[in-house]
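Participant: Kindly return the folded structure for what I paste below:
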Amino acid sequence: MRDVIDGSLPDIAVRFSKFLADIWPHTALVIFTRECTGRPRKVSGDPSIVERVTITELDALRTQLAVDEVFDDHAVIAGSKRKVWALLDATGTLLLVVPKTRQRIRDVDLVGAAFGVVAVSIRLQVAQASPAYLAESRAASSERARTIVELTDLHAATLESILATLRSKDLDDHRSRITASETASTALVALRSAGESDRLLTEEAVTTAFARLQGELRPLLQHRPLVVDYVDPPADGRALPGEVAHAARAVVRSAVLAFAAQATLERIRIAWDCDGSNLLVEVRDDGAGGLDTDALVRQLSGRVHTLGGRIAVESVEGWGSRVAVAIPLDPPAVRPDEQQLGDLNPRELEVLGHLATGKRNKAIADSLGISESTVKFHVAGVLKKLGVGSRGEAGAIALEAGIRADSLR
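Facilitator: Numbers count the residues shown, from 1 in each chain. Below is the predicted model:
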């Protein structure tokens, strides 16, 4: 299990599939979690299944199950009815397995317990909102949003054309025209609903995100004699992309813990606001103002800069300390030479950040605690995915995209 949870989040299904292979042979495995807004499906196995399984299918199965309930029956997955086994964890994460044989699962308790560890690990990694996770999530969200818009526009135009044709008075078959018209109308509504469903999955209402923050801070501060003032964001503020919500909560948690470590402190004020384009976060205290602002900036800036945001930290002796952060709600326009960045895994992003500083393989290996041969392997992968022929070209793309070694810590 240590090997399963110790690695990049996008590949956790692959590692868990290997863990289960001897216990329970299967052809495909899917982990579906609403925690990960960028890639809610973690998959492993038969491409004809895992590449075609939809969020709608997974969500339909998920809503049927109670926590810890085992589903051992047929369900529509990847467009076909097939024998599946599914389990819903207490975190709300769904495990779906397509078995190789018809035999019932052995060691249900073992599989359930192991999946519980995986589900909690996913939740903790998302809550931590590391810069590498945020970069991968934003890239995935942007790519999926572009794809949905393109498909919706294309299919909507096609269906509207069909409707216009079928509604033509030149057609004689009245009954077939009505039936076809209703079918096309239903398909059009379903297609547009798919885009809305994806939006609901990948975004949080700003008030909901702020309420979650309060719930996360409560156990951290319950034994400290502090008064915490929460200034709610506007109820009509823009919804937050999932990666922005996770990053904002992680930044506030870190800032609050840094403030609360001061010897003399009575009150902390936490405020969120929206200006239409950015989420504005402010954390202020009434302490003595002796914080190490440079250290706090280093601790917080990785997450903020990964999402293209701005951060300011000030601490004035006798007047207290303040952290102010602005995080854009929309990702920057992607230039053609940056589109491939979304294909890089977290380790490749780390290597790319070091290439931006001109480091050689040995220095990168020392910084990341890996072998020099492993660095060579990752550098080759980075060059291939970015479509460039030299380390310098890759480093230039990294600098233009704001990817640096220090921002990915």
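
Participant: mind listing what's buried in the helix or strand harbouring residue 324?
Facilitator: Per DSSP states H and E, residue 324 falls inside strand 320-328. The neighbour-count check on strand 320-328 (16 or more other CB atoms under 10 Å) flags 320-323, 325-327 as buried. Just so you know, the C-beta spots here come from the backbone N, C-alpha and C atoms, and that holds for glycine as well.

Participant: Sort those residues by pLDDT and name the bottom one.
Facilitator: In terms of pLDDT, the lowest of these is residue 320, showing 89.

Participant: Settle this for me: it is touching residue 285, isn't it.
Facilitator: Yes: Residue 320 is within contact range of residue 285, at 5.0 Å (criterion: CB atoms under 8 Å).

Participant: got the buried residues of strand 320-328 as JSON lines, with distance to residue 300 columns?
Facilitator: Putting the buried residues of strand 320-328 into JSON lines (distance: CB to CB, whole Å) gives the following:
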{"residue": "320", "distance to residue 300": "17"}
{"residue": "321", "distance to residue 300": "13"}
{"residue": "322", "distance to residue 300": "13"}
{"residue": "323", "distance to residue 300": "7"}
{"residue": "325", "distance to residue 300": "7"}
{"residue": "326", "distance to residue 300": "13"}
{"residue": "327", "distance to residue 300": "11"}
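
Participant: Can you tell me which of these is nearest residue 17?
Facilitator: residue 327 (34.8 Å; CB to CB).

Participant: quick one: contacts for that closest one?
Facilitator: Listed by CB atoms under 8 Å, 6 or more residues apart in numbering, the contact set of residue 327 reads 244, 247-248, 278-279, 281, 304, 307-309.

Participant: Okay, and which of those residues map to helices?
Facilitator: 244, 247-248, 304 (DSSP state H).

Participant: residues touching residue 284, list them.
Facilitator: By CB under 8 Å, 6+ apart, the neighbours of residue 284 are 268-269, 271, 320-323.

Participant: I figured residue 101 hits residue 24, correct?
Facilitator: No: Residue 101 is not in contact with residue 24 according to CB under 8 Å; the separation is 9.5 Å.

Participant: Which residue comes closest to residue 399 once chain neighbours are left out?
Facilitator: Distances taken as CB to CB, 6 or more residues apart in numbering put residue 356 closest to residue 399, at 5.0 Å, once the chain neighbours are dropped.

Participant: try residue 372
Facilitator: The shortest distance from residue 372 to any residue other than its chain neighbours is 4.5 Å, reached at residue 365 (CB to CB, 6+ apart).

Participant: quick one: the one you found from residue 318, how far?
Facilitator: 47 Å (CB to CB, to the nearest Å).

Participant: next one: residue 382
Facilitator: 49 Å.

Participant: so what's residue 373 scoring on pLDDT?
Facilitator: Predicted confidence (pLDDT) for residue 373: 89.

Participant: try residue 98
Facilitator: You'll see residue 98 listed with a pLDDT of 93.

Participant: Ramachandran angles for it?
Facilitator: Here is the backbone geometry of residue 98 (degrees, to the nearest 10): phi -100, psi 110.

Participant: so what's the spatially closest residue to residue 225 that is not a sequence neighbour up against?
Facilitator: Closest residue in space to residue 225, ignoring its immediate chain neighbours: residue 266 at 7.7 Å, by CB to CB, 6+ apart. With contact set as CB under 8 Å, 6+ apart, residue 266 has these partners: 225-227, 286.

Participant: Take these and keep only those in strands.
Facilitator: residue 227 (DSSP state E).

Participant: ok, the contacts of residue 266 vs residue 83, which is closest?
Facilitator: residue 226 (54.4 Å).

Participant: burial of the closest one, as a residue count?
Facilitator: Applying other CB atoms under 10 Å, we find 15 residues neighbouring residue 226.

Participant: Give me the nearest residue to it, chain neighbours excluded.
Facilitator: residue 268 (6.0 Å).

Participant: in which helix or strand would I find the one you found?
Facilitator: Applying DSSP H and E, one finds residue 268 within strand 267-274.

Participant: buried ones in that strand?
Facilitator: So, applying 16+ other CB under 10 Å, buried residues of strand 267-274: 268-274.

Participant: mind listing the helices for this protein?
Facilitator: 2-5, 12-21, 47-50, 55-64, 108-128, 131-166, 174-202, 206-221, 242-260, 293-306, 346-355, 361-368, 372-386, 391-400.

Participant: where are the low-confidence patches of the chain?
Facilitator: Counting by pLDDT under 70, the chain has low-confidence residues at 37-38, 102-106, 130, 132-133, 135-180, 182-202, 332-342, 400-402, 404-409.

Participant: Neighbour count for residue 365 and residue 318, which is higher?
Facilitator: residue 365 (20 against 8).

Participant: so that one touches residue 371, yeah?
Facilitator: Yes: Residue 365 lies in contact with residue 371 (CB under 8 Å); the separation is 6.1 Å.

Participant: Roughly how far does residue 383 sit from residue 360?
Facilitator: The gap separating residue 383 from residue 360 is 15 Å, by CB to CB.
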